[in-house]
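Novice: pasted the sequence and its predicted model underneath.
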Amino acid sequence: MTTVARTSFMPNPADASFLPAHPTDGVGGVVIGGDFQGLGIVRSLGHHGIPTCVIDDEFSISRFSRFATHSVRVPDLRDEENVIKALLQVGQRLNLRGWVLYPTRDETVAALASHKDELVKWFRVPTPTLATVKWAWDKRNTYALAQSLNIPCPKTWFPRTVEDVKRIDATFPLILKPAIKENFVYEARAKAWRIDNKEHLIQRFLEASAFVPEGEMMVQDLIPGGSAEQQYGCGLFFSERRPVATMVAHYVRAHPPDFGRCSTFVQTVDLPELENLSIRFLEAIDYYGLAELEYRRDPRDGVFKLLDVNARTWGYHSLGKAAGVDFAYLLFQHQMGRSVNPLRAHPNVRWLRWVTDLPVGMHGLFLRKWNIFKYLKSISGTHVEAVFDIADPLPSLIETALIPYLALTRGY
């Protein structure tokens, strides 16, 4: 494993020749973000003998995987210019010409999309251009497009000022959430805030306005029911206006339980309706690459309503391999010009992240949502653990030691 602290020079992309037309030996994947999501990519490629380079600005677990060929710690991956600078520096230093980029965060996706013309002179960049990514990155665009396509969404308001908030006529509870995740999530350490009355809404809106740009906070109808009843996701590899691979999953548990920032226990299901809705959305924006669309079933009318579109890998994507759809590897094969046959995930395959699911399980026991026997039965048939792998045990040991660090820096 190679560890690089910093590099002191920038390559000149204008001097780089275009990538070869045919696959070359030694080409690998650059995983930008090394938490459990990035670890899933590292293992997916590593199991096929494909080298990987993990780039992160945090003390992450992927660097400890036996499949991580290189590990690079950089100062900052939240600022767009710093992301591009770091990628080009590391690519030059480690000679990663033609390697495939795998972003794991929304702000990284936006950076890659904005600078794609520059990056493709050195890397393979499966992220679409910003003209496409904007429909996923900014939920104001997401909901506008979904409405035009007759894809159901929760009722949503887009206030710019406190006066706009005061004029909202809705039944509580509601949720207050960001249109662009990273401007809110890192500061609030939450995906959204539950709002119980008008005074609470005004208070929280003013609180968010201190660190979120004007117009980016949205007020949305809170679909009742916890994640165990209502939350679903559809992961796809999409190319040439059609799905190459699909996987629909039920978020059996998530953390926090009401509208989880991350899934903790997931099971694949057979729901063609969600596949069809997702295909319509991605087809409309001429999408290419990996994506996950999140839905919530409204028990009041039985309708699945679109919540979010992630233009990248997602937390539980490593479930795909056990379900017959190895997303990261399929994307790599396609980027290398190799044919990929259409695939659909098998149902009833289960994924668990114990470090976050255990607190959720204990919380459910305390509230008597389930008993200990029901909880243990649910996890006894798990096919994939997000981090633990007997053939690659070190990341799990490191994550256990990092629990206080994760709780402090991310709130979970």
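Specialist: Cool, the structure landed. Residues are numbered from 1 along each chain as shown.
Novice: which SSE is the residue most central in space within the chain in?
Specialist: Residue closest to the average C-alpha location in the chain (C-alpha atoms, centre = their mean): Trp314, at 3.2 Å. Of the helices and strands defined by DSSP states H and E, none includes Trp314.
Novice: what's the nearest residue to it if we skip its chain neighbours?
Specialist: Spatially, and ignoring its direct neighbours in sequence, Trp314 is nearest to Glu292 (3.9 Å; C-beta to C-beta, 6 or more residues apart in numbering). Yep, even glycine has a C-beta here, placed from its N, CA and C like the rest.
Novice: mind checking the SS state of that neighbour?
Specialist: Counting by DSSP: H, G, I helix; E, B strand; the rest coil, the backbone at Glu292 sits in strand.
Novice: sorry, back to before: surely the residue nearest to the centre of the chain meets Met247?
Specialist: No - applying C-beta atoms under 8 Å, one finds Trp314 not in contact with Met247, separated by 10.1 Å.
Novice: identify the contacts common to these two.
Specialist: Gly235 (C-beta atoms under 8 Å, 6 or more residues apart in numbering).
Novice: in contact with the nearest residue to Ala170 once chain neighbours are set aside, which residues?
Specialist: Leaving out its chain neighbours, the residue that sits closest to Ala170 by C-beta to C-beta, 6+ apart is Asp221, at 6.9 Å. Shown in contact with Asp221 (C-beta under 8 Å, 6+ apart): Pro154, Lys155, Thr156, Ala170, Leu174, Ile175.
Novice: write the PyMOL selection for whichever of those are buried.
Specialist: Those of the contacts of Asp221 that count as buried under 16 or more other C-beta atoms under 10 Å are selected in PyMOL with:
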select buried, resi 154+156+174+175
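Novice: Trp354 - how many residues pack around it?
Specialist: Neighbour count of Trp354, defined by other C-beta atoms under 10 Å: 19.
Novice: specify the beta-bridge partners of the residue nearest to it when sequence neighbours are not counted.
Specialist: Leaving aside its chain neighbours, Trp354 sits nearest to Glu385 (6.4 Å; criterion: C-beta to C-beta, 6+ apart). With DSSP bridges applied, Glu385 shows beta-bridge pairing to Leu352.
Novice: count of neighbours near Glu385?
Specialist: By other C-beta under 10 Å, the residues close to Glu385 number 19.
Novice: OK, contacts around it?
Specialist: Residues near Glu385 by C-beta under 8 Å, 6+ apart: Trp351, Leu352, Arg353, Trp354, Ser396.
Novice: what about the helices in the stretch 1-150 of the chain?
Specialist: Taking DSSP state H, counting those that start in this stretch as the criterion, the stretch 1-150 of the chain carries its helices at 36-46, 80-93, 106-114, 116-119, 130-137, 139-148.
Novice: typed the wrong thing, it's the stretch 251-400 of the chain
Specialist: With helices called from DSSP H, counting those that start in this stretch, the stretch 251-400 of the chain shows them at 272-284, 319-322, 327-335, 354-366, 372-380, 394-401.
Novice: so can I have CSV of those helices showing mean pLDDT and distance to Leu343?
Specialist: Below are these laid out as CSV (pLDDT from 0 to 100; distance: least, C-beta to C-beta, whole Å):
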stretch, mean pLDDT, distance to Leu343
helix 272-284, 98, 12
helix 319-322, 98, 9
helix 327-335, 98, 7
helix 354-366, 89, 27
helix 372-380, 90, 27
helix 394-401, 94, 27
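Novice: quick one, which of those gets closest to Pro126.
Specialist: helix 327-335 (5.8 Å; C-beta to C-beta).
Novice: which other helices and strands does that closest one contact?
Specialist: Under the contact criterion of 3 or more C-beta pairs under 8 Å, 6 or more residues apart in numbering; DSSP states H and E, helix 327-335 touches helix 36-46, strand 100-103, strand 231-239, strand 242-255, strand 289-298.
Novice: between that helix and helix 36-46, how big is the angle?
Specialist: Here helix 327-335 runs at an angle of 50 degrees relative to helix 36-46 (axes from the mean of the first three to the mean of the last three C-alpha atoms, to 10 degrees).
Novice: got the CA coordinates for helix 327-335 in CSV?
Specialist: Only the C-alpha atoms of helix 327-335 are listed here, as CSV (Å, rounded to 0.1, in the frame of the first residue of the first chain):
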residue,chain,number,x,y,z
PHE,A,327,-22.4,-2.3,-9.6
ALA,A,328,-18.9,-1.0,-9.2
TYR,A,329,-17.4,-3.8,-11.3
LEU,A,330,-20.1,-3.5,-14.0
LEU,A,331,-19.3,0.2,-14.4
PHE,A,332,-15.6,-0.6,-14.6
GLN,A,333,-16.2,-3.2,-17.3
HIS,A,334,-18.3,-0.8,-19.3
GLN,A,335,-15.7,2.0,-19.0
